[in-house]
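Q: Okay, predicted coordinates and the sequence, questions at the end:
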Amino acid sequence: MWKYGSVLCISVLCFLVLFISCLNERENLTNQLSFYAVGDNLIHPVVYQDALQNNGQFNFKPMYDHLKEDIQSADISYINQESPIGGDERGLSGFKQFNTPEAIAPNLVDIGFNVVNGSNNHALDQGTAGLENEIDLWKQFESIFYFGTFNSQKERDSIPIVEKNGIKMAMLSYTYGTNDIPKAYPYQINYFNEKQIRKDIAKAKEKSDAVIVSAHWGNEGKQKPNAKQKRYAKVFADAGADVVLGTHPHVIQPIKWVEGQDDHKTLVAYSLGNFLNGQATGNEKNILGGNIRFNLEKNPKGVQVKQVKWQSLVTHYDLGNDDMNPKPQNFKMYPLDYYKDQVAQTHALNNEENMEVSRQRLVDITKDVIDNQYLDEHSY
């Protein structure tokens with residue numbers, strides 16, 4: 001009898017050890033994804049004219065070639081499509097009411113972007129018809145998750161969720177306005193509203209593992225966040241958002257961890273700056289944008305944002321070889337760590353008074369704005 005009792009005790013002990021081991025292993029199980037985000041893809045007429053081919057088609061892909069490998073290496077690659085894609089039949093246009101060639105959409109897909117935000121101050125530049133055209137256009141691509149503008153109240157009230165590697169991300173979006181163009185319907189786009197933001201995030205947290213917010217805010221040309229940006233960053237943090245991706249200022253702004261309620265911390269990139277653009281106003285700060293990279297790691301205790309890194313990006317263009325008719329052309333994006341002085345010297349802005357485009361100047365701007373903890377050998 002004693003013999004059988006000993007065997008039973010040993011069996012129970014073995015079971016308990018195995019059970020506890022399994023529990024510990026479960027607690028350590030981690031799902032992970034890499035996230036790559038860039039700012040304002042702002043297709044001015046000089047950019048789409050440069051992309052126009054002899055056959056009458058547009059090809060923007062060579063402009064992004066130097067970034068393609070990085071974009072495709074991430075699980076999620078996010079872009080703010082700043083200039084709306086309202087439909088080629090409406091006629092193409094630039095500032096102040098943009099309309100970008102539809103060819104930009106498949107080109108961005110081929111480059112490797114898979115999450116596209118459409119919530120910004122230019123979203124209504126082509127009215128309701130233009131807004132709906134862009135929504136319908138992105139629906140044609142199975143690999144694309146588009147959010148930020150809506151064509152029904154039901155869609156607006158549904159939390160946009162993209163899932164990758166077992167991690168569900170709610171993608172919320174808010175803009176300060178739409179250039180005084182009123183919404184035809186209240187559901188078309190979200191303006192900043194504290195009550196609505198808290199409601200949206202609470203709902204999003206019930207349905208997702210992480211909450212990512214696109215915030216179109218700030219003062220153009222200013223490299224420090226204003227009071228409204230800081231106030232809403234705290235609103236997002238208090239509500240429990242995990243990451244805020246800021247756009248609109250057309251220059252880079254700092255990255256900060258903002259403390260919210262219950263010891264929650266939110267990663268806030270106040271402004272990612274311009275991505276591809278042909279902005280005629282401003283200075284060399286407007287050709288310097290950036291991408292923020294981070295990992296989302298999920299275990300049974302929740303999701304953490306880790307390995308946050310910054311990489312500065314440059315929009316290069318020159319004036320061509322026609323001395324009689326110089327105009328911005330040969331647009332190309334470069335990582336700053338790949339941007340050589342020999343190329344920088346040919347930048348069109350160096351022909352303007354009080355402008356300086358050099359590798360060192362762009363490195364200095366980066367280091368002045370972005371905290372050293374987010375920089376490494378690939379940042380600049």
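A: On my side now, so go ahead.

Q: Asp376: what secondary structure?
A: Following DSSP: H, G, I helix; E, B strand; the rest coil, the label given to Asp376 is coil.

Q: Around the residue lying closest to it once chain neighbours are set aside, how many other residues sit close by?
A: Closest residue to Asp376 apart from its sequence neighbours, by C-beta to C-beta, 6 or more residues apart in numbering: Lys309 at 6.0 Å. All C-beta atoms are positioned from the backbone trio N, CA, C, and that covers glycine. Counted with other C-beta atoms under 10 Å, residues neighbouring Lys309 total 17.

Q: For Lys309, give me its contacts.
A: 292-294, 374-376, 378-379 (C-beta atoms under 8 Å, 6 or more residues apart in numbering).

Q: Buried among the residues you listed? Make that a PyMOL selection.
A: One line in PyMOL is enough to select the buried ones among those; burial here means 16 or more other C-beta atoms under 10 Å:
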select buried, resi 292+293+294+374+375+379
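
Q: Which of the contacts of Lys309 sits closest to Val211?
A: Nearest to Val211 among the contacts of Lys309, counting by C-beta to C-beta, is Phe294 at 14.0 Å.

Q: Once you drop chain neighbours, what's closest to the closest one?
A: Nearest in space to Phe294, with sequence neighbours left out and distances taken as C-beta to C-beta, 6+ apart, is Val308 at 4.5 Å.

Q: of the contacts of Lys309, closest to Ile79?
A: Distance to Ile79 across the contacts of Lys309 (C-beta to C-beta) is lowest for Ile292, with 12.3 Å.

Q: quick one: the closest one from His44, how far?
A: Distance of Ile292 to His44, computed by C-beta to C-beta, to the nearest Å: 24 Å.

Q: Same check on Met171?
A: Where His44 is concerned, Met171 sits at a distance of 27 Å (C-beta to C-beta).

Q: Those two: who's more crowded?
A: Legend: neighbour count by other C-beta under 10 Å for Met171 and His44, higher for Met171 (26 against 21).

Q: from memory that one sits against Lys164, does it?
A: No - the criterion here is C-beta atoms under 8 Å, and Met171 misses it with Lys164 at 11.7 Å.

Q: Am I right that Glu142 is in a helix?
A: No - going by three-state DSSP, the assignment for Glu142 is coil, not a helix.

Q: Can you give me the neighbour number for it?
A: 7.

Q: how about it, what does it touch?
A: Glu142 sits next to no residue when contact means C-beta under 8 Å, 6+ apart.

Q: and what of the one 5 residues further on?
A: Contacts were defined as C-beta under 8 Å, 6+ apart; by that measure Phe147 touches 115-119, 160, 171, 173, 214.

Q: 10 Å instead, please
A: Going by C-beta atoms under 10 Å, 6 or more residues apart in numbering, Phe147 touches 115-119, 135, 138, 155, 159-162, 170-173, 212, 214.

Q: any idea of the pLDDT on the residue nearest to Asp376?
A: Confidence at Lys309, expressed as pLDDT, is 98.

Q: Write the PyMOL selection for whichever of the contacts of Phe147 are buried.
A: Applying 16+ other C-beta under 10 Å to the contacts of Phe147, the buried members can be selected in PyMOL as follows:
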select buried, resi 115+116+117+118+119+135+138+159+160+161+162+170+171+172+173+212+214
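
Q: Could you tell me which of the contacts of Phe147 belong to helices?
A: Among the contacts of Phe147, the subset assigned to helices under DSSP state H consists of 135, 138, 155.

Q: in the helix or strand containing Lys68, what's buried?
A: According to DSSP states H and E, Lys68 maps onto helix 68-73. In terms of neighbour count (16+ other C-beta under 10 Å), helix 68-73 has its buried residues at 70-71.

Q: After it, which helix or strand is next?
A: Assigned by DSSP H and E, the successor of helix 68-73 is strand 76-80.

Q: Just checking: what are the partner strands of that following strand?
A: Sheet pairing here is set by DSSP bridges, and for strand 76-80 it gives strand 31-42 (parallel), strand 115-117 (parallel).

Q: Show me the one of those that comes nearest Lys96.
A: Nearest of these to Lys96, taken as C-beta to C-beta: strand 31-42 at 12.3 Å.

Q: how distant is the closest one from the center of its chain?
A: Distance, stretch centre to chain centre, for strand 31-42: 5 Å (C-alpha atoms, centre = their mean, to the nearest Å).

Q: CA atoms only: put it into CSV for me.
A: The C-alpha atoms that make up strand 31-42 are tabulated as CSV, following Å, rounded to 0.1, in the frame of the first residue of the first chain:
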residue,chain,number,x,y,z
ASN,A,31,3.9,37.5,-30.6
GLN,A,32,5.9,40.2,-32.3
LEU,A,33,5.6,42.5,-35.3
SER,A,34,7.7,45.3,-36.8
PHE,A,35,6.1,48.7,-37.6
TYR,A,36,7.6,51.2,-40.1
ALA,A,37,5.9,54.6,-40.4
VAL,A,38,6.6,57.7,-42.6
GLY,A,39,4.9,61.1,-42.9
ASP,A,40,3.3,63.2,-45.6
ASN,A,41,3.3,61.7,-49.1
LEU,A,42,2.5,65.1,-50.7
